[in-house]
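The following block contains a protein sequence and its predicted model.
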Amino acid sequence: METELGGEILVVGGGVIGLTTAVVLAERGSRVRVWTREPLERTTSAVAGALWWPYRIAPAAAARAWALRSLDVYEELAARPERTGVRMAEGVLGETERHEVDGWAAERLPGLRAATAAEYRGSGLWARLPLIDMSVHLPWLRERLRAAGGSVETRAVTGLREAGAQVVVNCTGLGARTLVPDPSVRPVRGQLVVVENPGIRTWAVSTHPESGEMAYFFPHAGRLVLGGTAEEDVWSAEPDPAVAAAIVRRCAALRPEIAGARVLEHRVGLRPARDAVRLEREVLPDGRLLVHNYGHGGAGVTVAWGCAREAAGLAGR
């Protein structure tokens, strides 16, 4: 077992959690290899919108701490958006009150204020948050890892204990359900519609107060990502045309110009939900170390750097 990877650390999982964790480990001096079942472009992370904000993740206190540590990094990366895919963008957090942000993030978000009637139809907060283009960010993470001496290999595993490394970091997301196995990990299906951007420069996130239905749109270069859904325990990765039409209608109710935008693509992602993120170390019977870092729900991008640094610490790095 030890002969295959020698003294390397093996990170299993090539989404944003796995790649970010691998980057932190490699830049702390470890030799790191990533095994990913799917190419980066086909991971759940590649489907994400992706706005920095804790969403469908627990425990709340830990998630907020991880999010703020990640915010520090994203603010730095936003100085080079064309390379990193990260930029600071303004928009509205609908149905969010100031007291929900006070005490953990308000002091870190300059310009945070109540949205005006012209900016949003209901009550909400105007904020400037990191918005990440995952089509740029994931390849950038891969190249940053390679620059630090790490590597990425497309390779499926049937069990974590088969990995021949002294330290294995489990960043398999929904895959942990069978690989650990951990039946508490479950999918929360999210469907998105990508359209040509009709000139929208700000983002918005809205939740209907009665039905709970979501509507959000995130502007990226030449396109607008529309969402969304949060269907618990639904495994289908096939886009539903009726759901797509409803997403467009809900988003057009916020910005009418979206109604006529040409559809470019339909996407589905299965968020890896768990009652609480599992971020802990496990010593295997043969003395090897297994570090778990999975179950981030809809906030993998938001907490990636905070969780990566904690996982690296658990790995003794």
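Here it is on my side, so go on. Numbering: from 1, shown residues only.

Okay, now the unreliable bits of the stretch 1-150 of the chain?
For the stretch 1-150 of the chain, the stretches with pLDDT under 70 are 1-6.

What segments of the stretch 151-300 of the chain are helices?
Residue ranges of the helices in the stretch 151-300 of the chain, as given by DSSP state H, counting those that start in this stretch, are 176-179, 241-254, 300-314.

quick one, phi psi at E90?
Main-chain torsions, E90, degrees, to the nearest 10: phi -100, psi 150.

isn't it right next to T202, touching?
Yes - in terms of CB atoms under 8 Å, E90 counts as a neighbour of T202; the distance is 5.3 Å. The C-beta positions use only the backbone N, C-alpha and C, and glycine is treated the same way.

H137: which of the helices of the stretch 151-300 of the chain is closest?
With CB to CB, the closest approach to H137 among the helices of the stretch 151-300 of the chain belongs to helix 300-314: 8.1 Å.

Tell me which other helices or strands that closest one touches.
helix 16-27, helix 44-47, helix 60-77, strand 278-283, strand 289-294 (3 or more CB pairs under 8 Å, 6 or more residues apart in numbering; DSSP states H and E).

how about 6 Å then?
Contact here means 3 or more CB pairs under 6 Å, 6 or more residues apart in numbering; DSSP states H and E; on that basis helix 300-314 packs against helix 16-27, helix 60-77, strand 278-283, strand 289-294.

Excluding residues flanking it in the chain, which one is nearest A60?
In space, and not counting its chain neighbours, A60 is closest to P54: 7.3 Å by CB to CB, 6 or more residues apart in numbering.

Next, the contact list for that neighbour, please.
Residues in contact with P54 (CB atoms under 6 Å, 6 or more residues apart in numbering) are 63, 67, 299, 302.

One more pass at 8 Å, please.
Shown in contact with P54 (CB atoms under 8 Å, 6 or more residues apart in numbering): 60, 63-64, 67, 299, 302-303.

L138 too?
Going by CB under 8 Å, 6+ apart, the list of residues near L138 reads 16, 19, 40-41, 43, 45-46, 85.

Now for S236, how many residues are close by?
For S236, the tally of surrounding residues (other CB atoms under 10 Å) stands at 12.

Pull up the gap between it and P187, please.
Applying CB to CB, to the nearest Å, the value for S236 to P187 is 9 Å.
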